[in-house]
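In: using only what follows, build the 3D model:
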Amino acid sequence: MLLLCLHSSLFVSAQSANKAHADTLWSAVVKNLYDSPNKLYYETTNKQKNENPHSFLWPLCGLIQAANEMEAIHPGKPYMPTVITAINAYYDRKAPAPGYDSYVVKEKGGDRFYDDNQWIAIAYLDAYKRTKKKWYLEKATEIYKFMMTGFDTVSGGGLYWKEGDKGGKNTCSNGPGVLVALQLYDATHQKSYLDTALLLYNWVNKYLQAPEGFYYDMIHVPSLKIDSATYTYNAGTMLEANVRLYHITHDKQYLEAAQHIAAGSYAHFFRQGRFPYSYWFNAVLLRGYEALYAVDGNRQYINAMQEDADKVWATESDKSGLVGRKADKDLLGQTGMMEIYARLARIK
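Out: A predicted model of the protein is given here:
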């Protein structure tokens, strides 16, 4: 009984520390990386050396998800509206469908990346499930329509990475595409979304999954040459997709596939108590681990993320409350660790 009480006390203490770290990061981002007069964000703390006056869209894709997790651990407190206002500055209505540019439209705009748009849709659909505010569902549905303009049957199917670039199809634009479709199916029960999810899911597994369970980065078109680079977030999206498919179909093949990805990614990426240095990529992997843990109760992967997160705070945080190994702190990195701490704070 004494050991049980001690374990419970340590767990509560870890949750409190995680929540405090997430809160610290949010406050530090607002203080150091938010341009309040323009309602936009900076790419890094070294504003003189940044490529542009403000951030690219990608870091905001991380921040909007982190803001959703902050609202989850602080019910009733608004974190998302400020980030949504910033994201709206990237909105571009051009044909063939409205979507978000990679940079602020009024400043110079930029290319439209399908994955950037998908990450926003995923966060909005998470927020819709939590709040039932229809605006989130409407915007995610719009993003789905844009994302599907990137699909064709070249190389057997799949989504391209960037609008107008037919050179390759990436796990990072198809894995989150599966999630967007599955979340829309959960929200609407329209079979067409499930059909899309399975179409993309099967394509990714056919072309880009390694036998060990993790995923390769991309396939070049039309050569079909595989870029064998591996990143934690590619395993994360497909891990979560399998758990979602298991919930929808109750088919154990998806649960077994999820467990295979979890074990393979853990063996491949987790070395000497650390995940690779990309906080945000690791946050996406944690999403998959969290989804699987809720089903099978195996804390091994959650514990690994906690071990890594503890080391980040102990060795890579500074007096300003920001994290990173470089003197210049990047917005994307802050969002990744903020999401990780917020998720760890609420995992039972």
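In: for Lys329, grab the count of nearby residues.
Out: Residues near Lys329, counting by other C-beta atoms under 10 Å, number 23. For glycine as for every other residue, the C-beta is placed from the backbone atoms N, C-alpha and C.
In: actually, Gly76.
Out: Residues lying near Gly76 (other C-beta under 10 Å) number 5.
In: tell me the spacing between it and Tyr34.
Out: Gly76 sits at a distance of 22 Å from Tyr34 (criterion: C-beta to C-beta, to the nearest Å).
In: now Val204
Out: Distance, Val204 to Tyr34, using C-beta to C-beta: 36 Å.
In: those two - which one has more neighbours?
Out: Under the neighbour definition other C-beta under 10 Å, Val204 and Tyr34 were set side by side, and Val204 has more, 27 against 19.
In: what's the pLDDT at the more buried one?
Out: Looking at Val204, its pLDDT reads 98.
In: who's in contact with it?
Out: Val204 is in contact with 158, 171, 174-175, 178, 215, 238, counting by C-beta atoms under 8 Å, 6 or more residues apart in numbering.
In: same thing but at 10 Å, please
Out: Counting by C-beta atoms under 10 Å, 6 or more residues apart in numbering, Val204 makes contact with 157-159, 169-171, 173-175, 177-178, 215-216, 219, 234, 237-238, 241.
In: for Thr131, same thing?
Out: Applying C-beta under 10 Å, 6+ apart, we find Thr131 in contact with 68, 71, 80.
In: test my guess that the last one contacts Tyr136.
Out: The reference is to Met80. Yes - applying C-beta atoms under 10 Å, one finds Met80 in contact with Tyr136, separated by 9.1 Å.
In: okay, and the common contacts of these two?
Out: Both Met80 and Tyr136 are contacted by 68, 123-124, 127, under the criterion C-beta under 10 Å, 6+ apart.
In: ok so, going back, give me the buried entries from the contacts of Val204.
Out: 157-159, 169-171, 173-175, 177-178, 215-216, 219, 234, 237-238, 241 (16 or more other C-beta atoms under 10 Å).
In: which ones among those residues lie within helices?
Out: 171, 173-175, 177-178, 234, 237-238, 241 (DSSP state H).
In: mind picking the two most distant members of these?
Out: Using C-beta to C-beta, the pair of these lying farthest apart is Ser173 and Ala241, separated by 13.5 Å.
In: what is in contact with the two at once?
Out: Here Ser173 and Ala241 have 200, 204 as joint contacts, going by C-beta under 10 Å, 6+ apart.
In: contacting residues for Lys326?
Out: 44-46, 316, 333.
In: these in helices, which ones?
Out: Among these, DSSP H puts 316, 333 in helices.
In: who wins for neighbours among the contacts of Lys326?
Out: Neighbour-wise, these (other C-beta under 10 Å) top out at Gly333, 24 neighbours.
In: was I right to think that residue contacts Val323?
Out: Yes - using C-beta under 10 Å, Gly333 is in contact with Val323, at 6.3 Å.
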